[in-house]
Every structure is written in structure tokens, then in C-alpha cells.
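**Q** for reference, the sequence and a predicted model appear below.
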Amino acid sequence: MMTYIYSIPDVWLLLIFTAAVPLYAFLVFHVLCVLLNKRAFEHDSYYGMNMFNSTAAMTGILLVFTLVQAIGTVQKIKVAVNDEVVAIERVDLLLANYGVQEAELARKQLRHYVTSIVNDDWDHMLHPTDQIRMSNELVELSDFLVKLPSTTVQEKDLYSKSNAAMSDLLKTRNTRMQFAGGSLPRIFFLGIFLLLNLSIFFYYHLSKKDRFASYTLLFQMGAIGVLVGLVVIYDNPYFGENGVTPIYYETCLLPLPLDNSN
């Protein structure tokens, strides 16, 4: 279901929610008119409008705040992924400068690790579990680096830099794994739904039950629908046109040597 929703272009998703939210509000408004037979209740217009404006404002502020948070999360994930890619490329560069058989074996193991990110890690990023995702490929890569020769001055320098780069790679991986999932809790959307219905309920009691009231409600809820659509688009950072994909890691595989032993 999630894959299907985010296969829809962002522009169309935005238009769908811009139309769906006011349509829902329009239907609820007229259902209330039918159920309550357009009954008018005694009320203080000034106090009532303040309550209605407060409810609508809270809904808008919550949506804007969440949208900013969602966009910020996407950007943080892209930075984390980019940092890990840079760390991978640095490890590969240092191993390539070694020029010994042990370093070539380590580079092949590095390729296995990058492949595991695309094939295994990314599924965990999309559908996280409570279990900590360990990488056997990264552990084996660390073992390869420890066994690198460090006899000459140049080898000692490369050995030190390679293991330091490996430490950086571990840190960037841990940072990236912290963003597994990344979508908003479902209870948030229930809160938005309740605030939306409260706004419609207040509007029903304060407005005249005529065509002008219906049109006014449509325009106001259309604005809320735009915000809801934007939140949905950015809610899942690994889906949609703006989602983060493992294509960043696939570029790392190009310079790495193939393991022809399998």
C-alpha cells in the first residue's frame, strides 16, 4: 500500500489531498445539517469565532511544524548517507594506494559491504525492527584491515590512516542506522483528524447553513489539505520522488574490484 501511494507523482499527491480534505469537510458539514436539521444553537459569535480560529490555527501550526521536521529529517538522512559514501570512498582510496594483495582482498570485502547495504540494510531502513542490525561484512572488513602489513614507513602511514578511516566508517554507519524508518507516528495523523473534525463542528454551529458557508468551508479546508498533502509527501523519507534511495551507494561499487572467487 505504501509503495503504491508513493508511486504517485508528488504533484498529483498534493492535488489529491488538496481536493480530498475539503471534500471530506463538505460532506461532514452537510451530514451535520441533515442530522441536526439545520438547527441553530444559541451562541456568542465573538467567543465562538475565537474558538474556531484557535482550532484552525492549531491545526495549521501543527501541520507546518511537522512539515518542517519532516523536511529536516530527509535532509539529515541525505547528509548521513553522503558522509558514509565519502567514508567508503576514503577507505577504498587508502587500500588502493597500498598496492599489496592483502589490500586488494580488503577492497573486495569492502565491495561485499557496500552490496550488503543495498541488498540488506536498506530493507531495514524501510521497515525497521526492534533488533539491532549488525553487519557481518563490516566486521570481516575490519579484520582484513587489521591484518594489513605495516613494515615500511609508507605502510605504517597507510595502516594508521586506513584504520582511522574504518573508524569513521563505523560512526557514519551508526548515524545512518539511527534514521531507520523515520516516518511520523500514526497517532499524529489521528490528532490531525480530530482537530480537523473539531474545526468543522465549530464552523457548523457558527455559520449560516447556506451555499456561501459551504464555499467558505471548501476554501479554508483546501488550505489545510495542501499542508496535509505536503506532510504526507515528506512523511516517509525513503519513498516518493524526494525519498533517499541506495543509488548513492551503487556509485561506490564502480571502482571496487569484483570478487571472482564466488
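**A** Thanks, I have it. Numbering: from 1, shown residues only.
**Q** biggest helix in this protein by residues?
**A** Ordering each helix of the chain by length in residues (DSSP state H) puts helix 45-98 first.
**Q** list the helices and strands it packs on?
**A** The contact analysis (3 or more CB pairs under 8 Å, 6 or more residues apart in numbering; DSSP states H and E) places helix 45-98 against helix 101-116, helix 153-177, helix 186-206, helix 211-235, helix 247-250. No exception for glycine: its C-beta is placed from N, CA and C like everyone else's.
**Q** give me that answer again for 6 Å
**A** If contacts are counted by 3 or more CB pairs under 6 Å, 6 or more residues apart in numbering; DSSP states H and E, helix 45-98 sits against helix 101-116, helix 153-177, helix 186-206, helix 211-235.
**Q** what angle separates that helix from helix 211-235?
**A** Between helix 45-98 and helix 211-235, the angle comes out at 20 degrees (axes from the mean of the first three to the mean of the last three CA atoms, to 10 degrees).
**Q** so how far is helix 45-98 from its chain's centroid?
**A** Chain-centre distance of helix 45-98: 8 Å, with CA atoms, centre = their mean, to the nearest Å.
**Q** mean pLDDT lowest where, among the helices and strands packed on helix 45-98?
**A** Among the helices and strands packed on helix 45-98, helix 186-206 carries the lowest mean pLDDT, at a mean of 83.
**Q** dump that one to PDB, keeping only the CA atoms.
**A** C-alpha atoms of helix 186-206 as PDB (Å, rounded to 0.1, in the frame of the first residue of the first chain):
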ATOM      1  CA  ARG A 186       0.300   7.100  13.300                       C
ATOM      2  CA  ILE A 187      -1.100   8.800  16.400                       C
ATOM      3  CA  PHE A 188      -0.100  12.100  14.900                       C
ATOM      4  CA  PHE A 189      -2.400  11.700  11.900                       C
ATOM      5  CA  LEU A 190      -5.200  10.700  14.300                       C
ATOM      6  CA  GLY A 191      -4.600  14.000  16.200                       C
ATOM      7  CA  ILE A 192      -4.800  16.000  12.900                       C
ATOM      8  CA  PHE A 193      -8.000  14.100  12.000                       C
ATOM      9  CA  LEU A 194      -9.600  15.000  15.400                       C
ATOM     10  CA  LEU A 195      -8.600  18.700  15.100                       C
ATOM     11  CA  LEU A 196     -10.000  18.800  11.600                       C
ATOM     12  CA  ASN A 197     -13.300  17.500  12.700                       C
ATOM     13  CA  LEU A 198     -13.400  19.900  15.700                       C
ATOM     14  CA  SER A 199     -12.900  22.800  13.300                       C
ATOM     15  CA  ILE A 200     -15.800  21.500  11.100                       C
ATOM     16  CA  PHE A 201     -18.000  21.100  14.100                       C
ATOM     17  CA  PHE A 202     -17.300  24.700  15.300                       C
ATOM     18  CA  TYR A 203     -17.900  26.000  11.800                       C
ATOM     19  CA  TYR A 204     -21.200  24.300  11.600                       C
ATOM     20  CA  HIS A 205     -22.500  25.900  14.800                       C
ATOM     21  CA  LEU A 206     -21.200  29.400  13.900                       C
END
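**Q** so which elements touch it?
**A** Counting by 3+ CB pairs under 6 Å, 6+ apart, helix 186-206 packs on helix 10-35, helix 45-98.
**Q** contacts for it?
**A** With contacts defined as CB atoms under 6 Å, 6 or more residues apart in numbering, helix 186-206 is touched by 25, 28-29, 32, 41, 48, 51-52, 55-56, 59, 217.
**Q** pull out the buried residues from that helix.
**A** Under the neighbour-count criterion of 16 or more other CB atoms under 10 Å, helix 186-206 has 192, 195-196, 198-200, 202-206 buried.
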